[in-house]
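J.: Fold the following for me, if possible:
(2 chains)
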Amino acid sequence: MNPISRRSLLKGTGALALGTLALPGIVRAQSKELVIGCAGSHTAWMEQIVAPHMRETIGAEILFEGTKSSVNLEKMASNRSNPYLSVVQMDDPVMIQAVEEELLRPMDQSAVPNLANLRDGTIHMDGMWANYVQPWAGIAYNTNAREGVDSWSALWSEEAKGRVIIPSLQNTEGMWTLFAAAMLATGKPFAEAQYETDAAFAKLEELKPNVLTTYSIMSQAFNLLEQGEITMLSGNFSSYTLPRKAEGVPVDLAAPSEGIFAMPSGICLVKGGPNPELAEAYVNEMLGADLQAKIAEFASSVPANTKVDAGAIVPSGVPIHSPDWSFVTSNRREWIERFDKLMAG
Amino acid sequence: MTELRHAISGTPPRPIRSPIDKIALLAAPGLLYLAVLYAIPLLLLLLQSFRSEDGGITLDAYTSFFAESYNLEVLLRTLRVAFLTTLLSLAIAYPTAIAMNRAKGVWLTVFLVAMVLPMSLGVVVKAFAWSILFRSNGALNQTMEFIGLIDAPIRMLFTETALVVGAANVFLPFMVLPIYAVLRQQDEALQHAAASLGAGPIFRFFNVSLPLTLPGIVAGAAFVFSMSISMYVIPSLIVGETQQTLPMLIARSFLYLRNEQLGSTISAILLIIAIVVVLSSSFLAARLGAKE
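T.: Alright, predicted model coming up:
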């Protein structure tokens, strides 16, 4: 048996390293598939509803990477020169950042005909992205502990001491507690109160004794709500709470009298992403009446397509607020730092 | 001819040394892998932390990091949690390793499986399990109330204590196994010799067993401390965002603040701490090994 020469060992090592790095790409290139970045909390219905639908209609295998919008943004920015995501579904404020960083490819009706059927205000920045569904956000509560939540001020009540969890401002749903604090602190309507940041943070400071923790990973916090360790989870949304309620878990989503918030779930094409035509077909299907009806029902959300009946998904009698996202985007980094320092234990 | 000269002079022939040890080449795949996927990106990260806006070199990111009291608070918390996790792991691991060393046959297998099997369980699952135990109506509070230690449930969830306990649970095998490995190498005759000279069990432990296991303790402590200061998922799940640690600040910098320089700076600080710990422990282990 010939001894292994130094040269052949080095060659073998190089080939092994190259093979290890290149293998996923080689395997991926062999099939007709799309990699989609989406919200972690959406993965369940994306896999149950969207994946089979896309296999049937556009003949593509869909790989979902479920994570937070900001993580999707980082993935797009880090792979700018060689994107592997074709389509990304994320929140509006992060979409604005993606547009600023020139990571998106605009959509038009010639490639995505269903854009013509969307409700007013769902297509943004000349087709850079569109909202495909709109869950609504309020306060999730444990039905064994409370009968409901009439006002956002319930979060500040004495009985809620240590029994409340609020989202970090790193998460888009974290903004709702901040805006509710602004409304309560100033007494102004939402349209004006959303710009009163200092008053909002001062009010948030008063909430600290009631806050068990703040989260950036929601599943743990929601589990504690289900188990009754906390009584209220601020800023939660219909696409997460209501399916759990339907499964018989003792939780519900309250629509406080000061108003609820429209969660902005957007869909966009990644600039330079693989399989561009297939990606357009995917977006078109996501905005089509058939899939929109299924998603809206499964995720208890308002459909974007006007041909689909919104039903009684959104509670009546309370205002629905939609913030000035450009103001949020331009201030969010400073708010995150301020929030973390304020809430530090 | 050379051999003949050696035969005449009576000196043994010197082995001809290759400039590269062939056996050392076996490490090449591992080294290449680490260089490409770890060392080079780390170097780029380090350079990024010194880069100024105009492309020059600056220490501004470091000075502004240390000028912020919140960052110092997070740094101290990270070190404190890592230290306490290491201490708790050691307190649990040492007796476990002794018991493992005494165990024979099927019991030894049980111990080893009990150490290794939980490592296959995800950190997320363990963190969820701890959050159930730590709840106000969880098993820990109920047990303490039952035995009269407390009158009413105390808050354990989302506290630093919970984090230390949870982290020690995850990292325990990394402390037990190095100590066990050192104990296995100890000659039992040493204990008998010490006993025959009149040394009691406590004297034997502090003057014979403990000094001989110090290299294992140092290695285990280095493992656990390094993993504790860099853990991200465990604190995210067990204490949330109200008690941030350095890795959580790194994630926040890159993902939410989109401030790569700040993220790189904190990563570099974490790296320096890890290097100091690893080098100190190697030095200590070498010194302790030499004393043996």
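J.: Now do the helices for the stretch 1-150 of chain B: every range, in order, please.
T.: Under the criterion DSSP state H, counting those that start in this stretch, the stretch 1-150 of chain B contains helices at B:2-9, B:28-34, B:40-50, B:60-67, B:69-102, B:105-116, B:123-133, B:139-146.
J.: between those, which one is nearest to A:Ala140?
T.: Counting by C-beta to C-beta, A:Ala140 lies closest to helix B:123-133 out of the helices of the stretch 1-150 of chain B; the figure is 17.7 Å. Using the backbone N, CA and C atoms, a C-beta is placed for each residue, glycine as well.
J.: chain center to the closest one: distance?
T.: 21 Å (C-alpha atoms, centre = their mean, to the nearest Å).
J.: who touches that helix?
T.: A:220, A:223-224, A:227, B:118, B:138-140, B:157, B:162, B:165-166, B:169-170, B:233-234, B:237-238 (C-beta atoms under 8 Å, 6 or more residues apart in numbering or on different chains).
J.: in it, what counts as buried?
T.: B:Val123, B:Lys126, B:Ala127, B:Phe128, B:Trp130, B:Ser131, B:Ile132, B:Leu133 (16 or more other C-beta atoms under 10 Å in any protein chain shown).
J.: Do me a favour and average the pLDDT over it.
T.: Helix B:123-133 shows a mean pLDDT of 84.
J.: Give the ChimeraX command for selecting the buried subset of the contacts of helix B:123-133.
T.: In ChimeraX, this line selects whichever of the contacts of helix B:123-133 come out buried by 16+ other C-beta under 10 Å:
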select /A:220,224,227 /B:138,140,157,162,165,166,169,170,234,237,238
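J.: out of the contacts of helix B:123-133, which are inside helices?
T.: Using DSSP state H, the members of the contacts of helix B:123-133 that fall within helices are A:220, A:223-224, A:227, B:139-140, B:162, B:165-166, B:169-170, B:233-234, B:237-238.
J.: Out of the residues you listed, which two sit at the greatest distance?
T.: Top of the distance list for these (C-beta to C-beta): B:Ala139 and B:Val233, 22.9 Å.
J.: Next up, the contacts around A:Arg244.
T.: A:Phe222, A:Glu226, A:Val251.
J.: which residues in the stretch 151-300 of chain A form helices?
T.: Taking DSSP H, counting those that start in this stretch as the test, the helices found in the stretch 151-300 of chain A are A:174-186, A:190-193, A:197-207, A:218-227, A:238-246, A:276-287, A:289-298.
J.: The stretch 151-292 of chain B now?
T.: B:160-185, B:188-196, B:201-204, B:210-229, B:233-238, B:246-251, B:260-291.
J.: Please tabulate those in JSON lines, including the columns distance to chain A and mean pLDDT.
T.: As requested, the helices of the stretch 151-292 of chain B are arranged in JSON lines below (distance: least, C-beta to the nearest C-beta, whole Å; pLDDT from 0 to 100):
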{"stretch": "helix B:160-185", "distance to chain A": "8", "mean pLDDT": "93"}
{"stretch": "helix B:188-196", "distance to chain A": "42", "mean pLDDT": "85"}
{"stretch": "helix B:201-204", "distance to chain A": "41", "mean pLDDT": "87"}
{"stretch": "helix B:210-229", "distance to chain A": "19", "mean pLDDT": "92"}
{"stretch": "helix B:233-238", "distance to chain A": "5", "mean pLDDT": "86"}
{"stretch": "helix B:246-251", "distance to chain A": "8", "mean pLDDT": "93"}
{"stretch": "helix B:260-291", "distance to chain A": "10", "mean pLDDT": "84"}
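J.: closest one to A:Ile36 among those?
T.: Across the helices of the stretch 151-292 of chain B, closest to A:Ile36 is helix B:246-251 (C-beta to C-beta), at 22.7 Å.
J.: I'd like the helices of the stretch 151-292 of chain B laid out as a markdown table, including distance to A:Leu184.
T.: Listed next are the helices of the stretch 151-292 of chain B as a markdown table, based on distance: least, C-beta to C-beta, whole Å:
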| stretch | distance to A:Leu184 |
| --- | --- |
| helix B:160-185 | 31 |
| helix B:188-196 | 70 |
| helix B:201-204 | 64 |
| helix B:210-229 | 40 |
| helix B:233-238 | 29 |
| helix B:246-251 | 29 |
| helix B:260-291 | 33 |
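J.: And the pLDDT for B:Val81?
T.: At B:Val81, pLDDT is 96.
J.: Hmm, it is touching B:Val165, no?
T.: No. Checked against C-beta atoms under 8 Å, the pair B:Val81 and B:Val165 is beyond contact range at 10.9 Å.
J.: can you list the domain ranges for chain B.
T.: As assigned by automatic domain parsing, chain B contains the domains B:17-58, B:63-291.
J.: Kindly compare burial across these and name the winner.
T.: Stretch with highest mean neighbour count among these: domain B:63-291 (a mean of 17; mean count of other C-beta atoms under 10 Å in any protein chain shown).
J.: which parts of the stretch 51-200 of chain A sit against chain B?
T.: A:Lys68, A:Ser70, A:Val71, A:Leu73, A:Glu74, A:Gln97, A:Gly162, A:Ile165, A:Ser168, A:Gln170 (C-beta under 8 Å from any C-beta of the partner chain).
J.: State the phi and psi torsions of the second one.
T.: Per-residue torsions, A:Ser70: phi -70, psi -30 (degrees, to the nearest 10).
J.: Secondary structure class of A:Lys307, three-state.
T.: coil (DSSP: H, G, I helix; E, B strand; the rest coil).
J.: Next, count neighbours for the closest residue to chain B within chain A.
T.: Proximity of chain A to chain B (C-beta to the nearest C-beta) peaks at A:Thr213, 3.5 Å away. Other residues within reach of A:Thr213, judged by other C-beta atoms under 10 Å in any protein chain shown, total 24.
J.: Skip the chain neighbours and tell me the closest residue to it.
T.: Excluding the flanking residues, the one nearest A:Thr213 by C-beta to C-beta, 6 or more residues apart in numbering or on different chains is B:Gly240, at 3.5 Å.
J.: Repeat that for A:Ser157.
T.: A:Asn210 (7.7 Å).
J.: swap in B:Met227?
T.: B:Met227's closest residue in space is B:Phe171 (C-beta to C-beta, 6+ apart), at 5.5 Å.
J.: and the spatially closest residue to A:Gly174 that is not a sequence neighbour, bridged to which residues?
T.: Leaving aside its chain neighbours, A:Gly174 sits nearest to A:Pro167 (3.9 Å; criterion: C-beta to C-beta, 6+ apart). Applying DSSP bridges to A:Pro167 gives these bridge partners: A:Tyr215.
J.: Next one: A:Pro167 from A:Gly66, what distance?
T.: Note on A:Pro167: its distance to A:Gly66, by C-beta to C-beta, to the nearest Å, is 17 Å.
J.: re the thing from before, closest one of the residues of the stretch 51-200 of chain A next to chain B to B:Leu46?
T.: Of those, the one sitting nearest to B:Leu46 (C-beta to C-beta) turns out to be A:Glu74, at 19.7 Å.
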